[in-house]
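Q: Quick one, fold the following:
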Amino acid sequence: MNDFPLLTAIVATPAAGAVVALLVPRSREELQRVVGFITSAATLALAVFLLVEFETGVAGFQFAEHKVWIEQFGISYTVGVDGISLFMVVLTALLFPICFLGSLSIGKSLKAFTFFMLTLEAGILGVFVSLDLILFFVFWEAMLVPMYFLIGGWGSERRIYAALKFFLFTMAGSALLLVGILTLAFLHSGANPGQGLTFDLETLGAWGGLSESTGKWLFLAFFASFAIKVPLFPFHTWLPDAHTEAPTAGSVILAGVLLKMGTYGFLRFSLFLFPEASVDLAPLLLVLATIGVIYGALVATVQTDMKRLIAYSSVAHLGFVVLGTFALTTQGLLGGLFTMVAHGLNTGALFLLFGMLYERRHTREISELRGLWKVAPRLGGFFLVAALASVGLPGLSGFVGEFLVLIGTFASERPYAIVATTGVVLAALYLLWAYQRVFTGEPDEENATVRDLSAREVLTVLPLIGLSLALGVYPRPVLERMEPTVTALIEHVEAHTDDFREATPATVSEGGAPPVTHGEGVVE
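A: You can find the predicted model right below:
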């Protein structure tokens, strides 16, 4: 089994399913649904096997595969997973069958919908496993097209506007990303003529031959693309429109994994390739992240459209991820990574549940919804748990990540942690206030006839709610797989940076309290 190309199989399975969807006659709608669900379920099974076989305590890449792709340009097919990418792969594989199960109301162009969903899954999975920069860029761009068509083809009234805005913002960032990748590779080739041109991540990350100014410019080239994808303030303006106008499945995937591609890019590429620039420019990222946390929460509070409210909450939550990342402490990075997973579960559940409500009431306006708990208690109960998890209630997954982010940031950048803490309070304000208006009180005539969740709908959302509760109570299985890679990344930044902070929390102890390292990383 060691020779089995597991990561290739994980990426290729939805791609193959997309081809099968094209071959199924348009009139066979039920068969199209079967192809979509079975293919995504098979991908999930492979991802679960990956999780089970992943070796805990190892910092390096596992299940690595390397094949020469375009030899004359130094481009290779190199894939692998570590503690940073493992749970992004699993989360992606989990959300797609849930989205197919929750999209049975899709009736228009089902063949195209299935094709674009499976193509999108293959592209996102490819992003999270690629260790060659050109291969990464190919997958990064490949996921853009199906997402554009999903928003533009199955979205709401302003779907074309939202799809174009998403496309243009992302393409602008991608252009700078490609320039940065090519510049880095050619600079490395010029400094190491015996090695030839290469786009291998580990080779370029170990080089360390960039001047201070060049490193900063290349960091900013990568930053532009990743910041747009997060989206980090002030590059966030495409997000509310895309979330609001996208179909439910599109909103779930956007919130669950597509936004994480930006924060993943900071962790995988920015910190590893440009450690000195990351330390020098960390104050800029901390300022933007803190503004995003507060701004996203304040704007969410005044929204009258429930989907826009949830969309702006993502701006705040992803701000926490960036804050933890550029605090440059192990607790901060662990908290950011864990928040990426928790946000995918919690916000994915919120979009999924509101999509079910929208199918019943055909309105997103909070003012037109009230008293739904009395007529749909299962919907109200699940929505409350998802909202509380998003708020960061202890015992649910949202708390663990945000707590680690704030602790890690407080250890190194105290003012930012203090300001960002107000975002937790504001999250309780906008989510619980919205919940009160929608679900409490007496339902009027239109809301009194809303039906409760069916067994299928409960089955659709239950995995997300259940996992959020499980990870909130017992996060250790996730943290212990992330921690070695995060520690190695911090040590890499420290080794390449002369003025790195002296006190850096390094690991998570058996009891859950993070010990502190000093200097060369000796655990107290």
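
Q: separation between the residue lying closest to residue 255 once chain neighbours are set aside and residue 149?
A: In space, residue 255 comes closest to residue 347 once its chain neighbours are excluded; the distance is 4.3 Å by C-beta to C-beta, 6 or more residues apart in numbering. No exception for glycine: its C-beta is placed from N, CA and C like everyone else's. Distance check for residue 347 against residue 149: by C-beta to C-beta, to the nearest Å, it reads 23 Å.

Q: Next secondary structure after the longest strand seen in the chain?
A: Across the chain, the longest stretch assigned as strand under DSSP state E is strand 62-70. Heading C-terminal from strand 62-70, the first helix or strand you meet, by DSSP states H and E, is strand 75-81.

Q: For residue 99, see how far away residue 257 is.
A: 11 Å.

Q: now residue 286
A: Using C-beta to C-beta, one gets 34 Å for the distance from residue 286 to residue 99.

Q: Same question for residue 275.
A: Distance from residue 275 to residue 99, counting by C-beta to C-beta: 37 Å.

Q: the more surrounded of the two?
A: residue 99 (28 against 25; other C-beta atoms under 10 Å).

Q: shouldn't that one be in contact with residue 249?
A: Yes: at 3.9 Å, residue 99 counts as touching residue 249 under the criterion of C-beta atoms under 8 Å.

Q: tell me, what's touching those two both at once?
A: The overlap between the contact sets of residue 99 and residue 249 (C-beta atoms under 8 Å, 6 or more residues apart in numbering) consists of residue 117.

Q: rewinding a little: so for residue 347 and residue 149, which sits in the more crowded spot?
A: Neighbours per residue, other C-beta under 10 Å: of residue 347 and residue 149, the larger number sits with residue 347, 28 against 19.

Q: what sits against that one?
A: Contact partners of residue 347, counting by C-beta under 8 Å, 6+ apart, are 255, 256, 310, 313, 314, 317, 390.

Q: which one of those residues sits closest to residue 57?
A: Each of those was checked against residue 57 using C-beta to C-beta; the closest is residue 256, at 27.9 Å.

Q: ok, the closest one - contacts?
A: 91, 92, 95, 343, 344, 345, 347, 348.

Q: Okay, and which of these map to helices?
A: Counted as lying in helices by DSSP state H, out of these, are 91, 92, 95, 343, 344, 345, 347, 348.

Q: that older thread, restricted to helices, list the contacts of residue 347.
A: When these are checked against helices using DSSP H, the ones located there are 310, 313, 314, 317, 390.

Q: The last one touches residue 401, doesn't it?
A: No: shown here, residue 390 and residue 401 do not form a contact pair, counting by C-beta under 8 Å, at 11.2 Å.

Q: what residues are shared contacts of those two?
A: When C-beta under 8 Å, 6+ apart defines a contact, the residues bordering residue 390 and residue 401 alike are residue 343.

Q: Quick check: which element contains residue 25?
A: Here residue 25 is assigned to no helix or strand, by DSSP H and E.

Q: If we only consider the ones in helices among the contacts of residue 347, which is nearest to residue 205?
A: Minimum separation from residue 205 among those (C-beta to C-beta) is found for residue 317, which lies at 28.2 Å.

Q: What's the separation between the closest one and residue 478?
A: Computed with C-beta to C-beta, the distance linking residue 317 and residue 478 is 17 Å.

Q: So between those two, which is more surrounded?
A: Set residue 317 next to residue 478 and count neighbours by other C-beta under 10 Å: residue 317 wins out with 28 against 24.

Q: So that one sits against residue 339, correct?
A: Yes: using C-beta under 8 Å, residue 317 is in contact with residue 339, at 6.6 Å.

Q: ok, the residue nearest the centre of the chain - contacts?
A: Per C-alpha atoms, centre = their mean, the C-alpha nearest to the average position across the chain is that of residue 260, at 2.2 Å. With contacts defined as C-beta under 8 Å, 6+ apart, the neighbours of residue 260 are 88, 91, 321, 340, 343, 344.

Q: what does residue 159 give?
A: The contact partners of residue 159, taken as C-beta under 8 Å, 6+ apart, are 151, 152, 153, 245, 246.

Q: Show me which pair in these is furthest apart.
A: When the contacts of residue 159 are compared pair by pair using C-beta to C-beta, the two farthest from each other are 153 and 245, 11.2 Å apart.

Q: Taking the chain centroid, which residue in the protein is the extreme one?
A: Ranked by distance from the centre of the chain (C-alpha atoms, centre = their mean), the top residue is residue 445, with 39.6 Å.

Q: buried sites along the helix or strand hosting residue 295?
A: Secondary-structure element containing residue 295, defined by DSSP H and E: helix 275-301. Within helix 275-301, the residues that qualify as buried by neighbour count (16 or more other C-beta atoms under 10 Å) are 275-282, 285-286, 288-301.

Q: Which elements pack onto that helix?
A: When contacts are defined as 3 or more C-beta pairs under 8 Å, 6 or more residues apart in numbering; DSSP states H and E, helix 275-301 sits against helix 212-229, helix 306-326, helix 414-439, helix 476-495.

Q: mind checking the SS state of residue 105?
A: Secondary structure of residue 105, reduced to three states by DSSP: H, G, I helix; E, B strand; the rest coil: coil.

Q: mind pulling up the phi and psi values for it?
A: The phi and psi values for residue 105, taken as degrees, to the nearest 10, are phi -80, psi -10.

Q: cool, and residue 200?
A: phi -70, psi 130.

Q: I am assuming it contacts residue 79, so please confirm or correct that.
A: No: counting by C-beta under 8 Å, residue 200 stays clear of residue 79, with 11.8 Å between them.

Q: Pick out whichever of these two has more residues nearby.
A: Neighbour count, other C-beta under 10 Å: between residue 200 and residue 79, residue 79 has more, with 27 against 21.

Q: check contacts around that one.
A: 7, 8, 11, 63, 64, 65, 129, 130, 131, 135.

Q: Please repeat the previous calculation with a cut-off of 6 Å.
A: Applying C-beta atoms under 6 Å, 6 or more residues apart in numbering, one finds that residue 79 lies in contact with 7, 65, 129.

Q: How confident was the prediction at the first one?
A: Okay, so that is residue 7. In this model, residue 7 is scored at 94, pLDDT.

Q: Let me know how buried it is, in neighbour terms.
A: 27.

Q: If we ignore the residues flanking it in sequence, what's nearest residue 233?
A: Using C-beta to C-beta, 6+ apart and skipping the chain neighbours, the partner closest in space to residue 233 is residue 292 (3.9 Å).

Q: before we move on, the earlier item: kindly indicate which of the contacts of residue 260 lies nearest residue 141.
A: For those, the minimum distance to residue 141 (C-beta to C-beta) is 18.1 Å, reached by residue 88.

Q: a helix runs through that closest one, doesn't it?
A: Yes: secondary structure assignment (three-state DSSP) places residue 88 inside a helix.

Q: What is the three-state secondary structure of the closest residue to it other than its chain neighbours?
A: Setting aside the residues directly before and after it, residue 88 is nearest to residue 128 in space (C-beta to C-beta, 6+ apart), at 4.5 Å. Secondary structure, three-state DSSP: residue 128 is helix.

Q: tell me the contacts of residue 128?
A: Listed by C-beta under 6 Å, 6+ apart, the contact partners of residue 128 are 85, 88, 89.

Q: Which members of the residues you listed are classed as buried?
A: Buried, going by 16+ other C-beta under 10 Å: 85, 88, 89, out of the contacts of residue 128.
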